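Novice: Quick one, structure for this:
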Amino acid sequence: MATIADEAGVGIGTLYRHYPTRPALLAALTLRSFQLVLQHARAAALSDEPAPAALEQFFEQTIAARDEFILPLHGGPVIHDEKIVALQTEIRNLLEQVLARGRRDLTIRPDATPIDVIITGAMLAQPLPHAPDWDQLARRQARIFVAGLSATDRSPPGSRPTRARRKDESVRAADLH
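Specialist: Numbers count the residues shown, from 1 in each chain. A predicted model of the protein is given here:
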């Protein structure tokens with residue numbers, strides 16, 4: 001906490017007044033991170049662009065804001081907080097709206113899920129340690145991912161997960177952190 005206060009340019013007393021424990025600070029940073037992702041998801045859902053373009057914009061915003069994220073999929077702690085759970089649910093719902101729009105106009109494959117988009121976004125926001133130009137590489141990977149979402153007659157290996165299976169997988173993934 002002393003290092004954090006020093007790097008933030010505040011006194012340790014100020015930091016402890018706002019965040020009395022390390023878990024309280026991490027919870028606040030995680031909440032802020034999900035609020036930022038929510039803004040990106042909301043912009044994608046409200047976009048007049050076709051779903052693939054809206055998803056590319058979501059990824060672009062995610063890559064650009066990567067230094068601001070403390071998320072469970074980004075190496076941050078798993079925090080069981082009602083506000084965070086509500087934000088995660090809203091993010092999934094907004095991304096589902098984008099995918100559903102793409103399914104309706106046949107630009108997005110029928111088996112794509114919000115979790116696919118969220119996991120990819122989290123991976124793109126986490127630079128590889130020795131990548132020379134992560135932003136350029138991440139943007140390329142985002143374009144490849146979105147191209148892979150295009151509607152085709154082929155489904156990827158494995159079936160589209162059911163809501164119960166996605167919840168079970170989310171719980172297991174949270175337990176790993």
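
Novice: make it CA atoms for all contacts and neighbour counts henceforth
Specialist: Noted.

Novice: so where do the helices sit in the chain?
Specialist: Using DSSP state H, the helices of the chain run over 2-8, 12-18, 22-46, 51-64, 82-104, 114-124, 134-148, 163-176.

Novice: Look up how far residue 28 lies from residue 93.
Specialist: For residue 93, the distance to residue 28 equals 23 Å [CA to CA, to the nearest Å].

Novice: on that earlier part again, among the helices of the chain, which is nearest residue 70?
Specialist: Proximity to residue 70, assessed across the helices of the chain by CA to CA, is greatest for helix 22-46 (5.2 Å).

Novice: Show me which positions of that closest one end up buried.
Specialist: Residues 25-38, 40-45 are the ones in helix 22-46 that count as buried (16 or more other CA atoms under 10 Å).

Novice: roughly how far is it from the heart of the chain?
Specialist: Centre-to-centre, helix 22-46 and its host chain are 9 Å apart (CA atoms, centre = their mean, to the nearest Å).

Novice: Okay, residue 58 and residue 109: tell me how far apart.
Specialist: Counting by CA to CA, the gap from residue 58 to residue 109 is 18 Å.

Novice: For these two, indicate the residue with more neighbours.
Specialist: Legend: neighbour count by other CA atoms under 10 Å for residue 58 and residue 109, higher for residue 58 (23 against 20).

Novice: Give me the pLDDT for the more buried one.
Specialist: On pLDDT, residue 58 comes in at 97.

Novice: what's the weakest-modelled helix or strand in the protein?
Specialist: The weakest-scoring helix or strand in the chain, judged by mean pLDDT, DSSP states H and E, is helix 163-176 (a mean of 53).

Novice: Just name the most buried of the helices of the chain.
Specialist: Comparing the helices of the chain by mean neighbour count (mean count of other CA atoms under 10 Å), helix 51-64 ranks first with a mean of 22.

Novice: what's the angle between that one and helix 22-46?
Specialist: Per axes from the mean of the first three to the mean of the last three CA atoms, to 10 degrees, the angle that helix 51-64 makes with helix 22-46 is 150 degrees.

Novice: Find the centremost residue of this protein, please.
Specialist: The residue lying closest to the centre of the chain (CA atoms, centre = their mean) is residue 118, at 4.3 Å.

Novice: any idea which of the helices of the chain scores lowest on pLDDT?
Specialist: Note on the helices of the chain: helix 163-176 shows the lowest mean pLDDT, a mean of 53.

Novice: Please produce JSON lines containing the helices of the chain, extended by distance to residue 70.
Specialist: Output for the helices of the chain, formatted as JSON lines (distance: least, CA to CA, whole Å):
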{"stretch": "helix 2-8", "distance to residue 70": "14"}
{"stretch": "helix 12-18", "distance to residue 70": "18"}
{"stretch": "helix 22-46", "distance to residue 70": "5"}
{"stretch": "helix 51-64", "distance to residue 70": "12"}
{"stretch": "helix 82-104", "distance to residue 70": "12"}
{"stretch": "helix 114-124", "distance to residue 70": "10"}
{"stretch": "helix 134-148", "distance to residue 70": "18"}
{"stretch": "helix 163-176", "distance to residue 70": "14"}
